[in-house]
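Peer 1: make a model of this:
(2 chains)
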Amino acid sequence: MNQSEGVLRQRLGRGINLHSVAYGEPHKLGQANVSFHSAGHVLGSAQIRIEVAGEIWLVTGDYKRCHDPSCTPFETVNCDVLITESTFGLPIYRWKTGQEIANEIYGWWSEERQHPSILFCYAFGKAQRILAELKAIGVENEILLHGAVETVTKHYRKAGIEMVKTRPLSEIDREDPLKGRLVIAPPSAYRSTWMKRFREPQTAFASGWMTVKGARRRRGYERGFVISDHADWPSLIQTIKESEAKHVYVTHGQDEVLSRYLREVEGIKAESLNLLG
Amino acid sequence: MQKASLNSFGNLITDIDQCNATTRKISLISKFITDIDPRDGAWVLVLLMGSRQKRLITGRRLREILQKNSKMPAWLFDDCFAQVGDSAETISLLWPQLKDDIKSTGLDGSGDIELILNGLSKSNPLHWWMETLFPSIKNLTETKQSKSILDLWKRLPDGDHYLVNKLMTGGFRIGVSKGLVVKSIAQAYKLKETSVLERLMKPVLANASWYELLTHPEEIERRDRGAIPYPFYLASPVEIEKIKETPPTDWILEYKWDGIRGQLIRRETGAYLWSRGEELVNDTFPEIIMMADNLPSDTVLDGEILCWDNESNKPMPFSALQRRLGRKTVSKKLLKDCPTVFMAYDIIEVNANDLRGNALENRINILKNLLNGVNHSILLFDTVKDFTHWDQVNKIREQARRDGAEGLMIKKINSEYLSGRKRGNWWKYKHEPMTLDAVLLYAQAGTGKRANLFTDYTFALWDAGNESSQERKLVTFAKAYSGLNNDQIYELDRWIRTHTLERYGPTRVVEPKQVFEIAFEGVMESRRHKCGLAVRFPRIKRWRIDKVASEADCIEEAQALIDIH
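Peer 2: Residues are numbered from 1 along each chain as shown, chains lettered A, B, ... in the order given. Now for the predicted structure:
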């Protein structure tokens, strides 16, 4: 079974018609040679390489370049035409390493002994990456998981990803004040009735958006940890240059900013994909 | 006594920023200022309250300095700023990658500013930054200033730029209100909150003696307050149905006048007129100061400053008063065109006796007696309106509208004169605002908390009614920033992003499709606005998803609302 098959079936439905393939495995689709290459975004994420009559197009999908113990690293693929994401396509977005952020999170959590700490993050990918990063810096304490995080984490464990010991929050007695415990939950649980069980918790959100103070304040979280599964500004530029693409289409996010930068500063033929209609 | 360094102050700001609980914020601040060097303490309070008088340098200027000295194109720099919404923060995020572009700052090493910059160290107290370094930078010529700021940035470790830039540009916006600072001072120095509030009415000076006066123990308070105003007691919007459950005899009805709130103090030494913004406005309203000569010494009145039309015996439109505001000198013509009166409705001090603990009814009687003896054409007394049953209230409010008032005040008959906005005793019952349906035409990103979200909207009306046969055009009519909830803001933001027709810098022209009901307090003629009209306090009342753009109102309908009062 492929690493990410479990997660996909869990999210899309048990009975879906799913044919899993390995990274790099060649496929023929009419005139096209198609292959999938690791995108380093989450477990099983892939870029799609399509070759027709000697011309190569690459669709990155979401990707990142920095080290992540919870998934296969990004693979550089050469192409003629590149379609890249640009979620964080502004120079203000630059990531620290996962290890540095794991240390920040652990420091924040271990300082609060009287109350629970709740860390909000996307349930698929980010949560497991944080669990794996914490494991990598030697954290031993058990972490509690919201149901939505628990279901995905289960499949990561089956795929052999090493993560900190976890337990579903639902297994803990409701009267337990959870002093000094860390709970990981999806952002949708923030300020929901699910929060009622906690007494004076400290809250934080882990996301690339936390770079900007206003973005954190607007959401009302007390702390923000800047960690993302998307490419930051230097990685976007690096990836585009390394692909050696002659033509770049930019989509999903700061497409206008990044394509203008490529044209005017880097001298690369680039345009925003959204504007093409 | 503790000196506060830049670092320790920075940590305080971070700690406050990273907690949501008010009690925790208060304890953080109070701990920080207990036993602080008063020179630093003064700056801590001034910075937290955002009450610094003058800005040392603008955020725009700081951005310009960094952009011009780096290789980053101006448009990209501006896009970054639009995303962040704060100059100091944008610079701190970009500095690590731009600092290598700046090889030499070009400072030649001689001169005062170099000496000062050489004295920069982590342990320098806060007041050194605020009183020595920043003012010296402020007073430099443009080129030298730019060089000095680059030099300063280069000397700082990467993590410190945000704080230092914020200190230069002013205003932290970390959810610290004046009330919270008052509570913190009270806690740190074991004072009553009202005493702190009263002491804060004195002009802020950000020096040691101001801080010592603010925090000295309660007993040695001076008896005579001099020119210092009492904290205003403020009313809240009424929940009329709740009030109606109580007996009408518990309440007093007055008109709510649409002017500016004022406190008139008469002392042996002279008269002082304070606005609600705790600003001394003697120069702006000389006729009121002259009138005050007729009041007995040691009298303090609470009331409304209004422009008054003697012929109709009604207030003039607010726009008349607006022409008077903010002026240091008033021309003879303006005095004649826009004459003001003081409409007294409460008395805080008489014969040097503090009346704040007395019942309202008693204060009003004292006021009435006092004014009977004064009799001056620009000192008016607001009479209490008779009512015996709640059913009469709406009728009286209608009469208030005809008499040029903004609505009614409903005050507890036995209420003391409290400070600040304390709910329960004083209520305002305003007229329903006027409304028009307008079309969203332009959107711009907000700043601060609303950075990166399109929250500044410009609305337009049709230039002709929809029965008109000619082709109609939309004319901009009002800007509004508030009235939508968070979910609606996000929804509208997404819609704006996907329905942009054109961009002019940060402004987006959107498809003229979304209709909003705009509420406002009045319409005035204006030469400054495209449609020839200016509205007061425009805000969004409702998102009219049930209407299409062609059903929005036209200019003519707005014109019909001019001077309805």
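
Peer 1: from now on I want contacts and neighbour counts done on CA atoms only, so please keep to that.
Peer 2: OK.

Peer 1: show me what from chain B comes close to chain A.
Peer 2: Contact residues (CA under 8 Å from any CA of the partner chain) of chain B with chain A: B:17-20, B:76, B:79-80, B:84-85, B:89-90, B:93-94, B:448-451.

Peer 1: count of neighbours near the closest residue to chain A within the stretch 1-150 of chain B?
Peer 2: In the stretch 1-150 of chain B, the residue that lies nearest chain A is B:Gln18 (4.6 Å; CA to the nearest CA). For B:Gln18, the neighbour count with other CA atoms under 10 Å in any protein chain shown is 21.

Peer 1: pLDDT value on the spatially most central residue of chain A, please?
Peer 2: Note on chain A: the residue nearest the mean C-alpha position is A:Asp229, at 2.9 Å, using CA atoms, centre = their mean. You'll see A:Asp229 listed with a pLDDT of 97.

Peer 1: and it, which of the three is it?
Peer 2: Following DSSP: H, G, I helix; E, B strand; the rest coil, A:Asp229 is assigned to coil.

Peer 1: OK, contacts around it?
Peer 2: When contacts are counted by CA atoms under 8 Å, 6 or more residues apart in numbering or on different chains, A:Asp229 touches A:Gly40, A:His41, A:Val42, A:Tyr63, A:Lys64, A:Gly125, A:Lys126.

Peer 1: out of these, which touch chain B?
Peer 2: With CA under 8 Å from any CA as the criterion, the contacts of A:Asp229 include none near chain B.

Peer 1: out of these, who has the most neighbours?
Peer 2: A:Tyr63 (29 neighbours).

Peer 1: count of residues packed around A:Gly24?
Peer 2: Residues near A:Gly24, counting by other CA under 10 Å, number 15.

Peer 1: just to check, it is in contact with A:Phe36?
Peer 2: Yes. With contacts counted by CA atoms under 8 Å, A:Gly24 reaches A:Phe36, the gap being 5.5 Å.

Peer 1: list the contacts of residue 185.
Peer 2: I'll assume chain A. Contacts of A:Ala185 (CA under 8 Å, 6+ apart): A:Ile118, A:Leu119, A:Phe120, A:Cys121, A:Tyr122, A:Ala123, A:Leu145, A:His146, A:Gly147, A:Ala148, A:Val149.

Peer 1: was after chain B, sorry
Peer 2: By CA under 8 Å, 6+ apart, the contact list for B:Ile185 reads B:Ser30, B:Ile33, B:Leu191, B:Val196, B:Thr215.

Peer 1: please redo it, this time with the cut-off set to 7 Å
Peer 2: By CA atoms under 7 Å, 6 or more residues apart in numbering or on different chains, B:Ile185 lies in contact with B:Ser30.

Peer 1: show me which residues of the helix or strand hosting it are buried.
Peer 2: Assigning secondary structure by DSSP states H and E places B:Ile185 in helix B:178-189. Within helix B:178-189, the residues that count as buried by 16 or more other CA atoms under 10 Å in any protein chain shown are B:Lys178, B:Leu180, B:Val181, B:Val182, B:Lys183, B:Ser184, B:Ile185, B:Ala186, B:Gln187, B:Ala188, B:Tyr189.

Peer 1: nearest residue to the last one other than its sequence neighbours?
Peer 2: In this case it means B:Tyr189. Computed as CA to CA, 6 or more residues apart in numbering or on different chains, the closest residue to B:Tyr189 that is not its neighbour in sequence is B:Thr215, at 6.2 Å.

Peer 1: kindly report the same for the first one.
Peer 2: What sits nearest to B:Lys178 in space, not counting adjacent residues and going by CA to CA, 6+ apart, is B:Met49, at 5.4 Å.

Peer 1: ok, now which ones touch the closest residue to chain B within the stretch 51-200 of chain A?
Peer 2: Here the stretch 51-200 of chain A gets closest to chain B at one residue, A:Ile92, 5.4 Å apart by CA to the nearest CA. Counting by CA under 7 Å, 6+ apart, A:Ile92 touches B:Cys80, B:Leu93, B:Leu94.

Peer 1: and A:Val7, how far is that from chain B?
Peer 2: Distance, A:Val7 to chain B, by CA to the nearest CA, to the nearest Å: 30 Å.

Peer 1: you'd agree that residue is up against A:Thr153?
Peer 2: No. At 8.8 Å, A:Val7 and A:Thr153 do not qualify as touching, with contact defined as CA atoms under 7 Å.

Peer 1: who has more neighbours, these two?
Peer 2: A:Thr153 (24 against 21).

Peer 1: tell me the secondary structure at that one.
Peer 2: Classification of A:Thr153 by three-state DSSP places it in helix.

Peer 1: get me the contact residues on the stretch 51-200 of chain A for chain B.
Peer 2: A:Leu90, A:Pro91, A:Ile92 (CA under 7 Å from any CA of the partner chain).

Peer 1: tell me the pLDDT of B:Asn220.
Peer 2: Actually, residue B:220 is Ile rather than Asn. As predicted, B:Ile220 sits at a pLDDT of 57.

Peer 1: likewise the one 5 residues further on?
Peer 2: Per-residue pLDDT puts B:Arg225 at 73.

Peer 1: which ones are touching it?
Peer 2: B:Arg225 makes no contacts at all, as judged by CA under 7 Å, 6+ apart.

Peer 1: in terms of helices and strands, where is it?
Peer 2: Applying DSSP H and E, one finds B:Arg225 in no helix or strand.

Peer 1: quick check: the gap between it and B:Glu131.
Peer 2: 30 Å (CA to CA, to the nearest Å).

Peer 1: likewise B:Asp493?
Peer 2: 43 Å.

Peer 1: who has more neighbours, the two?
Peer 2: Neighbour count, other CA under 10 Å: between B:Asp493 and B:Glu131, B:Asp493 has more, with 19 against 14.

Peer 1: so that one, which state does it fall into?
Peer 2: Once three-state DSSP is applied, B:Asp493 turns out helix.

Peer 1: please tell me how far it sits from chain A.
Peer 2: Taken as CA to the nearest CA, the span from B:Asp493 to chain A is 14 Å.

Peer 1: apart from its chain neighbours, what residue comes closest to B:Ile29?
Peer 2: Take B:Ile29 and drop its neighbours on the chain: the residue closest to it by CA to CA, 6+ apart is B:Ser184, 6.0 Å away.

Peer 1: next, the buried residues of stretch A:62-72.
Peer 2: The neighbour-count check on stretch A:62-72 (16+ other CA under 10 Å) flags A:Asp62, A:Tyr63, A:Lys64, A:Arg65, A:Cys66, A:Asp68, A:Pro69, A:Ser70, A:Cys71, A:Thr72 as buried.

Peer 1: what about B:Ser236, how many residues nearby?
Peer 2: By the measure other CA under 10 Å, the count of residues near B:Ser236 is 16.
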